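Participant: compute the structure for the input listed below.
(chains A and B)
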Amino acid sequence: MSIEKFQYIRSLQAHEGQMVTIKGWVSNKRDSKGLVFLIMRDGSGFAQCVVDAAQVSEEIFERAKRLTMESSLSLQGTVVKDEKQIGGYEIRVTDLEIIQVAQEYPIAKKEHGVEFLVENRHLWLRSRKQWAMMRVRNRVIFAIHTFFQQNDFLQMDAPIFTGNACEGTSTLFETDFYGRPAYLSQSGQLYGEALAMAHGKIYTFGPTFRAEKSKTRRHLSEFWMIEPEMAFYDLDMNMDLIEAFLKYVVQDVTAHCKEELEILERNTAFLENAVALKFPRIHYDDAVAMIRGEKDVDGKNSIKLLEQDLADIKARIAEIEKEIADREAKISGGSLKQGEINFNRNKIDTLKNEVKELEEKANNIPQWLNSALNFEHGNDFGGSDETVLTRMFNCPVMVYNWPAAVKAFYMKRDPKDPRYVKGVDVLAPEGYGEIVGGAEREDNYELLLERINHEQLPVEAFDWYLDLRKYGTVPHAGFGLGLERMVMWISGGQHIREAIPFPRFYGRLEP
RNA sequence: UCCUCAAUAGCUCAGCUGGUUAGAGCGACUGACUGUUAAUCAGUAGGUCCCUGGUUCGAGCCCAGGUUGGGGAGCCA
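Facilitator: Numbers count the residues shown, from 1 in each chain, chains lettered A, B, ... in the order given. From the prediction side, this is the model:
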C-alpha cells in the first residue's frame, strides 16, 4: 500500500541502512546524560530507538527526554542492524516530533494482579504478551477461514437472537425482543444444519453466549464459535475432518507466528509434535476405564500420573520455599548492595506467587483424584476428568460414542447400540480441556421427534428444524470449535480471558 | 449454588503473640551518570489498613455478618 508516507517496524529489515519515519508509542524508556533509549511500538512490532545528544539538536534531545511511557510520537532515523535487539534492528534517531506526552501510565513494567489488568484491559492490550496473543488469535481466525474456504465450505451466519433454547440445558441470556422474550444464541448449529441442506458444506463463525456462573480459567460468557456442518458426512468422516482441520490451523499458526509464540514463551516443539501424531480415537467406555485407572496407555496409568503430579508439586513447593528462605537470609545478612537487595526482593515476590499457584493446584488434585476414581459409567466428563485423561497423551484425543442420556437430543443413535449416540468430543492436551464438540445428527424424523418429546422440549419451537427431516433428509454431521480455547492452547496461555480482546465473564462487563 | 483462598500506598506485597508515629520494592516527581535491555545511584511526595458491628484499656491483626475478587466443582466450547 502506498497510502502511508511512513514505515512500520515489522518491515525495518527491508530498510537497513536507510532513513525511515516511524509513528508510534513509547513502550519503555531509559536515559542517561547524553543518550535516550526509547523502545517504540507501532502496532506492527517493537524496536529500540536511540537518541544521541551528539547527533541531534538540543531541542530534539530535550523532546526525547520529556517523553513518558505510552507517549505518542513520530520520529525519523537510520535503520542499523543489531543482533542484541528484539527485532534485530535499532533506529538511530535524527528527528523527533511529539504528538502527545502521555499522563502517568497505570500499567507498570512490574507484574500486576489479574483483576487490575482486566480492569485496564483497554490499555493492557498494548503490552507485549497481549499484543502477541491478539496476533495469534488473528492468525487462528485467518487459518480457519483459509482451511474451510479451500475445502469448498461456505461461510454462513446464524442469527444471534433466538426464540428457543437450542439444547435446553445451559442457562441463557434473556432479552426483550419487541415485547417477546428472546435469547442470545448459545449455538448456531441448528441453523447450520438448514444451511448445509442448501449448500452442502458450510460453517458458521460467530459469537455465542452462555449465562453460566462459571469462575474458571476455561469459561467465558461471550465467546466465538466455529460450527461446520456437512451433508452426507457420518461420524468417521466428521472425525477425519476435525483432525485435518485442527492440524492445519496449528501448523499454519506455528509457521506464521514464530515471533509472537516466542514472546508468549510457548514451547512450539510440543505443538509441532502433537500435530505430527495421529489423534487417538477412544470409545467412551475405554475412556472411562482410563480415567478410573483401570486401563493403562503405553504403560501410563492415570491415577498414578496424578499422584506423581501431586508429589512433584509438593516437592517443587518445598524447593521454592527453601530458595525464598535463602534469599531472605542473604538480605538480612546485611552485606548486599541496594541493587542486589532489590533483585532478591523481586525474585522472592515472583517465587511467592508461584507457590500460591502451586498450592491452589495441590489443593485441587485430591478432589480430582477422588472424582476420577469414583467416576460412574454413564456420566459426562467434568473438567478434571478431561485433564486426567489427556494427561496420558501428547496430542488432542477424540472421545466418541457417548451415553445418550448425557448428550443433546439432536445426536444420532448408534444403530449398533442405541444406548450410545454418535457424538465426539476433542480434548486438548496440557489441561486445556474440551476444544471441540461434534456429532452425526439424528436424520430420522420419528426418532428426532421422540427425543424432543423425551427431553420435554417445546415441539412447536422445533417445527422448522423437524422440516429438515421431512424434505429430503440426509445423513449429516458437524462440530463446534471454541475459538478462545483453541487460541489458548496454541499460545499456551494461562487464562481464557487473555484470548479475547474484551472478555465477558461472570461479574465482568467493563471495559 | 457449593468448596476454598484472599482484600494494607497508583501497582506488587511485608507487617511477628493484639501494644505507641503502619513499612519495602516498583511506578511518579527532582537530580547524578555516553550503550542501556525490568538500567543503576541519591532524594521527594504518596494511606478511609474493603464495609458494618462486636470483644478489649488498646484492633491492620481476634469474632460475627456483608461486599468484592482469585482458584476449583457443577455446566460447557
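
Participant: beta partners of the residue nearest to residue A:17 when sequence neighbours are not counted?
Facilitator: In this structure, residue A:17 finds its nearest non-sequential neighbour in residue A:79, 6.4 Å apart by CB to CB, 6 or more residues apart in numbering. All C-beta atoms are positioned from the backbone trio N, CA, C, and that covers glycine. With DSSP bridges applied, residue A:79 shows beta-bridge pairing to residue A:91.

Participant: so residue A:79 is in contact with residue A:15, correct?
Facilitator: Yes - using CB atoms under 8 Å, residue A:79 is in contact with residue A:15, at 4.8 Å.

Participant: neighbour count: these two, which is higher?
Facilitator: Taking neighbours as other CB atoms under 10 Å, residue A:79 and residue A:15 compare with residue A:79 leading, 23 against 15.

Participant: quick check: closest non-adjacent residue to residue A:171.
Facilitator: Distances taken as CB to CB, 6+ apart place residue A:211 nearest to residue A:171, at 4.1 Å, with adjacent residues excluded.

Participant: which SS class is the one you found?
Facilitator: For residue A:211, the assignment made with DSSP: H, G, I helix; E, B strand; the rest coil gives coil.

Participant: how about the one 3 residues further on?
Facilitator: Reducing the assignment to helix, strand or coil with three-state DSSP, the entry for residue A:214 is coil.

Participant: burial measure for the residue nearest to it when sequence neighbours are not counted, as a count.
Facilitator: With CB to CB, 6+ apart as the criterion, residue A:214 has its nearest non-adjacent residue at 6.2 Å, and that residue is residue A:506. The tally of other residues near residue A:506 (other CB under 10 Å) stands at 13.

Participant: now for residue A:506: which residues touch it?
Facilitator: Contacts for residue A:506 (CB atoms under 8 Å, 6 or more residues apart in numbering) come out as A:212, A:213, A:214, A:215, A:219, A:221.

Participant: ok, 7 Å please
Facilitator: Contacts for residue A:506 (CB atoms under 7 Å, 6 or more residues apart in numbering) come out as A:213, A:214, A:215, A:221.

Participant: tally of neighbours for the first one?
Facilitator: Neighbouring residues of residue A:213 were enumerated by other CB under 10 Å; the total is 10.

Participant: from residue A:495, how far out is it?
Facilitator: Residue A:213 is 17 Å from residue A:495, where distance means CB to CB, to the nearest Å.

Participant: and if you look at residue A:292?
Facilitator: Counting by CB to CB, the gap from residue A:292 to residue A:495 is 30 Å.

Participant: ditto for residue A:507
Facilitator: In this view, residue A:507 and residue A:495 are 14 Å apart by CB to CB.

Participant: so between those two, which is more surrounded?
Facilitator: Set side by side, residue A:507 and residue A:495 show more neighbours around residue A:495, with 14 against 8, by other CB under 10 Å.

Participant: need the nearest residue in space to the more buried one, chain neighbours excluded.
Facilitator: Leaving out its chain neighbours, the residue that sits closest to residue A:495 by CB to CB, 6+ apart is residue A:217, at 4.4 Å.

Participant: what's the helix or strand for the one you found?
Facilitator: Using DSSP states H and E, residue A:217 maps to neither a helix nor a strand.

Participant: residues in contact with it?
Facilitator: With CB under 7 Å, 6+ apart, residue A:217 has these contacts: A:494, A:495, A:496.

Participant: for these, which one is nearest RNA strand B?
Facilitator: When the contacts of residue A:217 are ranked by distance to RNA strand B (CB to the nearest atom of the strand), residue A:495 comes first, at 5.0 Å.

Participant: just the pLDDT at that closest one, thanks.
Facilitator: Note for residue A:495: predicted pLDDT of 89.

Participant: what number of residues lie near residue A:257?
Facilitator: By the criterion of other CB under 10 Å, residue A:257 has 24 neighbours.

Participant: same question, residue A:306
Facilitator: 21.

Participant: which stretch of helix or strand covers residue A:385?
Facilitator: Residue A:385 belongs to helix A:383-390 when elements are defined using DSSP H and E.

Participant: actually residue A:360, not the one I typed
Facilitator: Per DSSP H and E, residue A:360 falls inside helix A:338-373.

Participant: now do the same contact list for whatever residue of the stretch 51-200 of chain A ends up closest to RNA strand B.
Facilitator: Among all residues of the stretch 51-200 of chain A, residue A:113 sits closest to RNA strand B, at 2.5 Å; criterion: CB to the nearest atom of the strand. With CB under 7 Å, 6+ apart as the criterion, no residue contacts residue A:113.

Participant: go with 10 Å
Facilitator: Residues in contact with residue A:113 (CB atoms under 10 Å, 6 or more residues apart in numbering) are A:119, A:353.

Participant: cool, the one 10 residues further on as well?
Facilitator: Each residue near residue A:123 by CB under 10 Å, 6+ apart is listed here: A:70, A:105, A:106, A:107, A:117, A:130, A:511.
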